[in-house]
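K.L.:
got a predicted structure plus its sequence, pasted below:
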Amino acid sequence: EAALEFITAQKEKPFFLYLAHAMPHVPLFVSEKFAGKSRRGLYGDVIMELDWSTGRIMARLKELGLDERTLVVFMSDNGPWLQYGIDGGSAGPLRDGKGTTWEGGVRVPAIFRWPGRIPPGRRTGAVAANFDLLPTVARLAGAALPVDRTLDGRDLWPVLSGASERSPHDYFHYLAGSALPTVVQYRGIRDDRWKLTVTVANHRLAAAELYDLGADVGERFDRMKQHPEIAARLLPAAQAFYDELRANIRPAGRRAAATK
């Protein structure tokens, strides 16, 4: 409701709306209108309600004549929480889930819709990430990007518009979370096809396992023995990224103490 009110209030000028549903994050809740309506239990009911909610937003854009002037992006932030069983979702053929750097933990679908600008029915497997939204939207809005920091994101518009089939990223890097502000929990690197996992000792990376994501999206077969030359090609790029990140790492921001 707040999103619909915001869109209506901002209809005469450019606006940015970020709507982050808490669902289908565990614990699951659903309104009476959708309880028991799906064949997938509570999780399915929640997905039906999210679909309905998104449909209301799309309908409001159309009602206000903003449909063809608005880029709509629908995506998830991570894979399923498998520890909660059927209520945690599914990664399908992908390995593992939330909290890991296997593909089931980090690879999610994304839908971009902009009638007249993005070709209908276009599909791509080009590597992209949530942080690519900033430079992409800034470019489309004619806004300048900050120059006082390094941005990991890249402009996705050539891929979205069909002008290019190639990801703007030469490599994608996998990192795990860390409770220590100066520790780089680096886990691996991938290019368009190959994914190399690594171990780290004394800040030196060593190749661990190699997966052909083009043929083995489920990461079932380690191809290190068959293709050591690919690991040898990816490892220096991983080490360079690790070294740069470690040299420029900074603690997370801290909230200032409340004052009376």
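P.N.:
Yep, it's here. What you see is a predicted model; the values in this text were computed from it and never measured.

K.L.:
where does this protein have low pLDDT?
P.N.:
Applying pLDDT under 70 to the chain flags the ranges 179, 252-260.

K.L.:
all strands of it, in order?
P.N.:
Assigned by DSSP state E, the chain shows strands spanning 72-75, 110-113, 172-175, 186-190, 194-201, 204-212.

K.L.:
so what would you say the end-to-end distance of stretch 2-19 is?
P.N.:
Taking Cα to Cα, to the nearest Å, the first and last residues of stretch 2-19 lie 10 Å apart.

K.L.:
mind listing the helices for the stretch 51-200 of the chain?
P.N.:
Assigned by DSSP state H, counting those that start in this stretch, the stretch 51-200 of the chain shows helices spanning 103-106, 133-141, 157-161.

K.L.:
check which helices and strands the last one sits against.
P.N.:
If I follow you right, that is helix 157-161. When contacts are defined as 3 or more Cβ pairs under 8 Å, 6 or more residues apart in numbering; DSSP states H and E, helix 157-161 packs onto helix 133-141. (Glycine included, C-beta is placed from N, CA and C.)

K.L.:
G188: how many residues sit nearby?
P.N.:
23 (other Cβ atoms under 10 Å).

K.L.:
one step back: looking at the helices of the stretch 51-200 of the chain, which is closest to E68?
P.N.:
helix 133-141 (14.0 Å; Cβ to Cβ).

K.L.:
now do the buried residues in the closest one.
P.N.:
Residues of helix 133-141 classed as buried by neighbour count (16 or more other Cβ atoms under 10 Å): 133-138.

K.L.:
now do stretch 7-23
P.N.:
Buried residues in stretch 7-23, counting neighbours by 16+ other Cβ under 10 Å, are found at 7, 23.

K.L.:
try stretch 114-134
P.N.:
For stretch 114-134, a neighbour-count test (16+ other Cβ under 10 Å) marks 114, 118, 124, 127-129, 132-134 as buried.

K.L.:
with distance to V159 as extra columns, can I get the strands of the chain in TSV?
P.N.:
Shown next, in TSV, are those (distance: least, Cβ to Cβ, whole Å):
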stretch	distance to V159
strand 72-75	13
strand 110-113	9
strand 172-175	14
strand 186-190	17
strand 194-201	20
strand 204-212	22
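
K.L.:
which of those strands sits most buried?
P.N.:
Mean neighbours per residue, mean count of other Cβ atoms under 10 Å, is largest over the strands of the chain for strand 186-190, with a mean of 22.

K.L.:
what lines up beside that strand in the sheet?
P.N.:
According to DSSP bridges, strand 186-190 forms sheet pairs with strand 172-175 (antiparallel), strand 194-201 (antiparallel).

K.L.:
columns distance to V108 on top of those strands, output as JSON lines?
P.N.:
Shown next, in JSON lines, are those (distance: least, Cβ to Cβ, whole Å):
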{"stretch": "strand 172-175", "distance to V108": "13"}
{"stretch": "strand 194-201", "distance to V108": "16"}
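
K.L.:
so which of those strands is nearest Q226?
P.N.:
strand 194-201 (11.5 Å).
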